[in-house]
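>>> Just the structure for this:
(one chain, ligands or ions: 2)
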Amino acid sequence: MKIEQKDKKVFFENQGLKKEIHPFWLRERVNGESFVDKKTQQRLFDPTEIKESIEIDSLNLSNNFLEVTFNDGTYTKLAIENILKEFSNTNEVKYIDKIEWDSSLRIFKNFEFRDDLFEGKEMYKALVNFYQYGFVIFKKVPTKNNFIVKFANSIGSVRRTNFGEFFNVKSKPNPNDLAYTSLSLAPHTDNPYRNPVPCIQMLHCIENEVTGGLSTLVDGFTVTQKLKKDFPDFYEILTKIKVRFQFIDQKVVLEDWAEMIQLDESGNFKQVRFSPRLDFVPLIDKEKLDLYYHARKKISELYNSNEYKIKFKLSPGDLLMMDNYRLLHGRTSYEANEGKRFLQGCYIDYDSTEGKLKFLKRKFNF
Ligand code: OGA
Ligand code: ZN
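Residues are numbered from 1 along each chain as shown. Ligands and ions are numbered 1, 2, ... in the order given. A predicted model of the protein is given here:
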């Protein structure tokens, strides 16, 4: 890709294709001190008030910069690199390739907590790891005073729900969710009934004295790729039918309709939802339902199979941060009389991790 100029016009060339850049687009990017606030990098002018007949009066193109004077008298010097960056207009985290994994995943790097973790290079590496694998584990995270909230707020902002800012996962009387028992939890995604679904879950182990109570994780990306390849009809129907997910609590009824495998506008993986205690397929044709039930059974088999699941025990101080749109999580059952098992959980959204990652990338010039 490169920038060229001819007859007071600016062009960008990409793979042999040359196109003119709209002069208005360049005018909007005028970046002198009186046009853009240095601290916030926000515009000090309203671009909707620029006259539509804007044209270029003079141009100077060097290796790294484009200087433009417009017919309304404004002048700007733009870095070529910044112009080219805007061509693809894609989110930087999209360039971090997902690494598909299954039960053979052995070594995963852990990141140790320290006070300056959130501003340092280790956090950048941890976040890249998170985007590659869909999860990351932090060690030795302080366990007193609901530290998970501080932790989450140091990456971004806690996503509060009707469960509160955070929730205590322990077996308790009159539970409103099976998570608060000592029963095993099959692989699931959290809160598919919310709109939007919380993007990222954190689970922080405070105590884990029981035998059992192991954590399980499954890569929904790997499993859905497998389904797509081996059972295309099943994949197809699970990406098409919007299922109702519901959660009924004392003072709230939460419902949302969505596909079990949700694709983005280019047909690529976006999100999985799976929680067979909470899903209700609409009343559709019997033949379609027939296919749907076979498909759900198959994906459930794959999610639950030992081929895709990793199992590990969280120790006090371990904090597991996982992508709730990509991974399924669960736990094995435990004997509540044997001792204490206490985890604390909370959610954050993608703007938190993306915002932090981009900030650190710029800070360290990665
Ligand atoms: C949850 C959950 C797992 C565990 O609370 O959402 O899945 O290990 N807990 O208790
Ligand atoms: Zn859960």
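>>> my guess is residue 154 is in a helix, correct?
Yes: according to DSSP: H, G, I helix; E, B strand; the rest coil, residue 154 belongs to a helix.
>>> per-residue pLDDT, the closest residue to it other than its chain neighbours?
Nearest residue to residue 154 in three dimensions, chain neighbours excluded: residue 118, at 4.3 Å (CB to CB, 6 or more residues apart in numbering). Glycine gets a C-beta too; all of them are placed from N, C-alpha and C. Residue 118 is assigned a predicted lDDT (pLDDT) of 97.
>>> swap in residue 297?
98.
>>> Start at 42, not 1
Fine by me, first position is 42 from now on; the one you just mentioned is residue 338.
>>> buried sites along the helix or strand of the chain with the lowest mean pLDDT?
Between all helices and strands in the chain, the lowest mean by mean pLDDT, DSSP states H and E belongs to helix 121-129, at a mean of 87. Using 16 or more other CB atoms under 10 Å as the test for burial, helix 121-129 gives 121, 124.
>>> And it, how far out from the chain middle?
The chain centre lies 24 Å from the centre of helix 121-129; the measure is CA atoms, centre = their mean, to the nearest Å.
>>> which residues touch residue 55?
Residue 55 sits next to 42, 128 when contact means CB atoms under 8 Å, 6 or more residues apart in numbering.
>>> hey, what's it bridged with?
Residue 55 has these beta-bridge partners by DSSP bridges: residue 58.
>>> on that earlier part again, the residue nearest to residue 195 in helix, strand or coil?
Residue 159 ends up helix, using three-state DSSP.
>>> do the helix or strand hosting residue 339 and ligand 1 meet?
If you go by DSSP states H and E, residue 339 is part of helix 327-345. No: on the criterion CB under 6 Å from any ligand atom, helix 327-345 is out of touch with ligand 1, staying 13.7 Å away.
>>> Could you give the number of residues near the residue of the stretch 292-407 of the chain found nearest ligand 1?
Going by CB to the nearest ligand atom, ligand 1 is nearest to residue 372 of the stretch 292-407 of the chain, at 3.5 Å. Counted with other CB atoms under 10 Å, residues neighbouring residue 372 total 24.
>>> Same question for residue 113.
13.
>>> which residue does the stretch 42-191 of the chain bring closest to ligand 1?
Closest point on the stretch 42-191 of the chain to ligand 1, by CB to the nearest ligand atom, is residue 189, at 12.5 Å.
>>> check which helix or strand covers that residue.
Short version, using DSSP H and E: residue 189 is in helix 188-196.
>>> What helices and strands are in contact with that helix?
strand 241-249, strand 382-389, helix 391-404 (3 or more CB pairs under 8 Å, 6 or more residues apart in numbering; DSSP states H and E).
>>> one more time with 6 Å, if that's ok
Judged by 3 or more CB pairs under 6 Å, 6 or more residues apart in numbering; DSSP states H and E, helix 188-196 is in contact with strand 382-389.
>>> Just checking the strand it packs on against ligand 1, any contact.
Yes: applying CB under 6 Å from any ligand atom, one finds strand 382-389 touching ligand 1 at 384, 386.
>>> Give the closest residue to the residue of the stretch 142-291 of the chain found nearest ligand 1 in space, chain neighbours not counted.
Across the stretch 142-291 of the chain, no residue is closer to ligand 1 than residue 220, which sits at 3.6 Å (CB to the nearest ligand atom). What sits nearest to residue 220 in space, not counting adjacent residues and going by CB to CB, 6+ apart, is residue 210, at 5.6 Å.
>>> Identify the bridge partners of the one you found.
Applying DSSP bridges, one finds that residue 210 bridges with residue 384.
>>> Rounded mean pLDDT for the next helix or strand after the helix holding residue 339, please.
Next helix or strand after helix 327-345 toward the C-terminus (DSSP H and E): strand 350-353. When pLDDT is averaged along strand 350-353, the result is 97.
>>> what separates the nearest residue to residue 263 once chain neighbours are set aside from residue 366, distance-wise?
Closest residue in space to residue 263, ignoring its immediate chain neighbours: residue 141 at 4.3 Å, by CB to CB, 6+ apart. As for residue 141, its distance to residue 366 is 15 Å (criterion: CB to CB, to the nearest Å).
>>> ok so, going back, and the helix or strand following the least confident helix or strand of the chain, what does it pack onto?
Counting by DSSP H and E, the next helix or strand C-terminal to helix 121-129 is strand 151-153. Applying 3+ CB pairs under 6 Å, 6+ apart, we find strand 151-153 packed against strand 176-180.
>>> Assess the claim that residue 65 and residue 95 are in contact.
Yes: using CB atoms under 6 Å, residue 65 makes contact with residue 95 at a distance of 5.3 Å.
>>> Quick one: name the residues of the stretch 142-291 of the chain near ligand 1.
Near ligand 1, when you scan the stretch 142-291 of the chain using CB under 6 Å from any ligand atom, you find 210, 220, 226, 231, 256.
>>> among those residues, which are in strands?
Here DSSP state E is the test, and these give 210, 226, 256 as lying in strands.
>>> Now do the SS call for the closest residue to residue 333 other than its chain neighbours.
Spatially, and ignoring its direct neighbours in sequence, residue 333 is nearest to residue 278 (5.4 Å; CB to CB, 6+ apart). Following three-state DSSP, the label given to residue 278 is helix.
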